[in-house]
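S.K.: Task: produce atomic coordinates for the following.
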Amino acid sequence: MTRKYLSFGYDTERPYGEFAQTKIGSELRKKLMGFIRKLNGMFDQEDVPRTFFILGHYLEACLTDYDIDALREVYHKDNPLIELQQHSYSHPIIRKIKGREEKKVITSGEFIKDLQQAGEVIENILGVYPNGVRTPIGYHHDLSDMPEILEGMQGMGIRYVSSNLRSEDSLEAPLNRNRQPHDYGNIGYPTIVEMPSHGWQDVIFTKEKAAIFLGREPDSQEKICKHFDELLLQANDIDLPVVNIALCLHPWAVMEYDPQFEIHKHIINSARSMGFELKSYGQVADMFRHEMK
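M.R.: As a prediction, this is how the structure comes out:
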């Protein structure tokens, strides 16, 4: 019988860059902070783990409006249901992406320095050093062709990376047996697990991104729920002992398309009714690592 896991992961990044220092950026940051408190309250009530992949620059900018104690209260590292990981410091990209050719690609060495900076910021502010990474933007395959990045991550003590987040042509990542957790032992880094995500990156459910990537209005809540239900059903067709569905979500997007968490609660209830266990990204990566020993 296949064991099935579902993971909620949140790229926690907006606002960052110059926008973060503006009055509008500050207002957005305050709205999001209140929303993340509500999100955590809902998940605690439902007894569901979640992973926050925190952008270093975003977190640093939060000190403009909040002190360290307030931030630690929101991202409560001692809550066993909360996993705190990193999303880089400045949100750079490490390879060309179709349709995003205007984005500057940084070198592997620059990327590792960016990750190191993020790790230091998160540790200084939240009191936890992240050992998991979500790459910004995400790619349609893993990092097997970038061993220098994996070597840098290994030196930092990174235990898993989530980089395979999309298809080549869209923000939707397929769920299949090839896009399941795996380590990089084939190129000499067996201690690092790749954690692909599945389904649409949820930014596509916002007006801004639906207009950019789809050229239309975003889907209704009913259609969004159907998307996630179909994703859960697809897991039954994958012939593996363990199947993981990992979601790529964003608090700023959730605040728009699911302000009362109706979609989230639907996903949680559907997953449980279909026999999924709800685990954080790190919990799934650790289970995979243990089973491979």
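
S.K.: where exactly do the strands run in the stretch 151-293 of the chain?
M.R.: With DSSP state E, counting those that start in this stretch, the ranges of strands along the stretch 151-293 of the chain come out as 160-164, 172-173, 182-184, 189-194, 199-200, 242-249, 276-278.

S.K.: now the ones you listed as a markdown table including distance to residue 16, mean pLDDT and mean neighbour count?
M.R.: Using the backbone N, CA and C atoms, a C-beta is placed for each residue, glycine as well. Written out in a markdown table, the entries for the strands of the stretch 151-293 of the chain read as follows (distance: least, CB to CB, whole Å; pLDDT from 0 to 100; neighbours: other CB atoms under 10 Å):
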| stretch | distance to residue 16 | mean pLDDT | mean neighbour count |
| --- | --- | --- | --- |
| strand 160-164 | 19 | 98 | 24 |
| strand 172-173 | 23 | 97 | 20 |
| strand 182-184 | 29 | 97 | 18 |
| strand 189-194 | 25 | 97 | 20 |
| strand 199-200 | 22 | 98 | 22 |
| strand 242-249 | 17 | 97 | 24 |
| strand 276-278 | 29 | 98 | 19 |
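
S.K.: What score does the closest residue to residue 129 other than its chain neighbours have for pLDDT?
M.R.: Ranked by CB to CB, 6 or more residues apart in numbering and with sequence neighbours excluded, the top spatial neighbour of residue 129 is residue 123, at 4.4 Å. The predicted local confidence for residue 123 comes out at a pLDDT of 98.

S.K.: which stretch of helix or strand covers residue 123?
M.R.: Of the helices and strands defined by DSSP states H and E, residue 123 is found in helix 108-126.

S.K.: which residues sit against that helix?
M.R.: Counting contacts by CB atoms under 8 Å, 6 or more residues apart in numbering, the residues outside helix 108-126 that touch it are 54-57, 59-60, 62-63, 68, 71-72, 75, 77, 84, 86-90, 92, 94, 106, 128-130, 133, 146, 148-149, 152-153, 156, 158.

S.K.: ok and that helix relative to strand 160-164, angle-wise?
M.R.: Relative orientation of helix 108-126 with respect to strand 160-164: 120 degrees, computed using axes from the mean of the first three to the mean of the last three CA atoms, to 10 degrees.

S.K.: hey, C-alpha coordinates of helix 108-126 in PDB?
M.R.: As requested, C-alpha coordinates have been extracted for helix 108-126 and formatted as PDB (Å, rounded to 0.1, in the frame of the first residue of the first chain):
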ATOM      1  CA  SER A 108      27.100  29.600  -8.400                       C
ATOM      2  CA  GLY A 109      29.600  31.300  -6.100                       C
ATOM      3  CA  GLU A 110      27.400  34.400  -5.800                       C
ATOM      4  CA  PHE A 111      24.400  32.300  -5.100                       C
ATOM      5  CA  ILE A 112      26.100  30.400  -2.200                       C
ATOM      6  CA  LYS A 113      27.200  33.800  -0.700                       C
ATOM      7  CA  ASP A 114      23.500  34.900  -1.000                       C
ATOM      8  CA  LEU A 115      22.400  31.700   0.800                       C
ATOM      9  CA  GLN A 116      25.000  32.200   3.500                       C
ATOM     10  CA  GLN A 117      23.800  35.800   4.100                       C
ATOM     11  CA  ALA A 118      20.200  34.600   4.300                       C
ATOM     12  CA  GLY A 119      21.200  31.900   6.800                       C
ATOM     13  CA  GLU A 120      23.000  34.400   9.000                       C
ATOM     14  CA  VAL A 121      20.100  36.900   8.900                       C
ATOM     15  CA  ILE A 122      17.500  34.200   9.800                       C
ATOM     16  CA  GLU A 123      19.600  32.900  12.600                       C
ATOM     17  CA  ASN A 124      20.300  36.400  14.100                       C
ATOM     18  CA  ILE A 125      16.600  37.400  14.000                       C
ATOM     19  CA  LEU A 126      14.700  34.200  14.600                       C
END
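
S.K.: buried ones in stretch 224-243?
M.R.: Applying a neighbour-count criterion of 16 or more other CB atoms under 10 Å, the buried positions in stretch 224-243 are 224-225, 227-228, 231-232, 234-235, 238, 243.
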